[in-house]
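Enquirer: Need the 3D shape of this:
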Amino acid sequence: MLGSITRACAQKGYDLLVSFQQASNDWHADFEDSNKADGLILLGYGDYVDFEEKLIQLSEQGTHFVRWGAEVQELPIVSIGCDNFRGGQEITEHVIKQGRKHFAFLGSASSHAPEFYDRYKGHCQALKDHGLVVNSKMQFNALYTEEAGYKAACELINSGEKFDAICAACDLIAIGAMRALKEHNITIPDQVAVVGFDDIAIAGFTFPPLTTVKQDTQLAGELLVNTLLSSISGHDISTTLIEPSVIVRKSCGS
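Expert: Prediction:
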């Protein structure tokens, strides 16, 4: 993502300043008021609830900014993001078509991680559309890491609930879940299909290779830069969701 943003900035004649703002309470003053930057692109800020107030402050101050993330319908915040609902729906539908009927979802289903939450809602919609039961007991919290996926999968296995498919909110969670399944002698995909989301570089090198949802990060970088520059130029800007695509590998059977 950062590489595509850098290229898009260079093509438009802009320099890119990369900053990790964890301690600061006033991003507007740090960048626009100090003339360090004409605008902000926000990536990977963690727990959305913790940063929502800061985003509102930026908007009220008239800061030129755009964020990579889920759509925020109730606030005047412009986002460029993947259509996470559709991605969660499409990959679940793909696994259903492989004959799987008992699904677990590993990942947060709350406003703290809105991208994961949208993926979960898409997952649930696919189950409903195909006449399968949505069981809240089959959603296990996990955030971002292999270790979180491993722990969530162990919790699932120890729950005694019947399952033949795991939809993970991201690839790292899926990779952790695959390790837990192997340690419990549960074969992938014969006994349990596993799918992820993001199509990170290692996804094609797991064993078996991981079926996942690809986000077009090159297009995302271009849209982030172009949308921000439009805002700086005084034009109205709006949220854009990028269409995802399912990348089929061996972890779900086909």
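
Enquirer: Now tell me what touches stretch 203-218 from outside.
Expert: 1, 4, 82, 87-88, 90-91, 94-95, 171, 174-175, 178, 188-189, 193-199, 242-252 (Cβ atoms under 8 Å, 6 or more residues apart in numbering). All C-beta spots, glycine's among them, are computed from the backbone N, C-alpha and C.

Enquirer: Can you flag the buried ones in those residues?
Expert: Taking 16 or more other Cβ atoms under 10 Å as the criterion, what is buried in the contacts of stretch 203-218 is 4, 82, 87-88, 90-91, 94-95, 171, 174-175, 178, 188-189, 193-199, 242, 244, 246-252.

Enquirer: Okay, now the unreliable bits of the stretch 1-150 of the chain?
Expert: Within the stretch 1-150 of the chain, the segments meeting pLDDT under 70 span 1, 19-36, 44-47, 49-50.

Enquirer: And the helices in this structure?
Expert: 2-11, 27-28, 48-61, 84-97, 114-129, 146-159, 171-183, 217-232 (DSSP state H).

Enquirer: The nearest residue to residue 126 once chain neighbours are set aside: what's it in contact with?
Expert: Nearest residue to residue 126 in three dimensions, chain neighbours excluded: residue 92, at 3.7 Å (Cβ to Cβ, 6 or more residues apart in numbering). If you count contacts by Cβ under 8 Å, 6+ apart, residue 92 has them with 103, 122-123, 126-127, 167.

Enquirer: that older thread, could you dump the helices of the chain to CSV with distance to residue 238?
Expert: Formatted as CSV, the helices of the chain follow (distance: least, Cβ to Cβ, whole Å):
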stretch, distance to residue 238
helix 2-11, 18
helix 27-28, 21
helix 48-61, 14
helix 84-97, 18
helix 114-129, 18
helix 146-159, 33
helix 171-183, 29
helix 217-232, 8
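
Enquirer: Nearest to residue 76, out of those helices?
Expert: Of all the helices of the chain, helix 48-61 sits nearest to residue 76, with 5.4 Å by Cβ to Cβ.

Enquirer: List the buried residues in the closest one.
Expert: Within helix 48-61, the residues that count as buried by 16+ other Cβ under 10 Å are 48, 54-55, 58.

Enquirer: coming back round to it: nearest to residue 40, of the contacts of residue 92?
Expert: Nearest to residue 40 among the contacts of residue 92, counting by Cβ to Cβ, is residue 122 at 28.9 Å.

Enquirer: hang on, isn't that closest one packed against residue 82?
Expert: No: applying Cβ atoms under 8 Å, one finds residue 122 not in contact with residue 82, separated by 10.9 Å.

Enquirer: just to revisit the earlier point, tabulate the contacts of residue 92 (a markdown table), appending neighbour count and distance to residue 216.
Expert: As requested, those are exported to a markdown table (neighbours: other Cβ atoms under 10 Å; distance: Cβ to Cβ, whole Å):
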| residue | neighbour count | distance to residue 216 |
| --- | --- | --- |
| 103 | 24 | 26 |
| 122 | 23 | 17 |
| 123 | 29 | 21 |
| 126 | 22 | 21 |
| 127 | 21 | 26 |
| 167 | 32 | 21 |
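
Enquirer: farthest pair in these?
Expert: 103 and 122 (12.5 Å).
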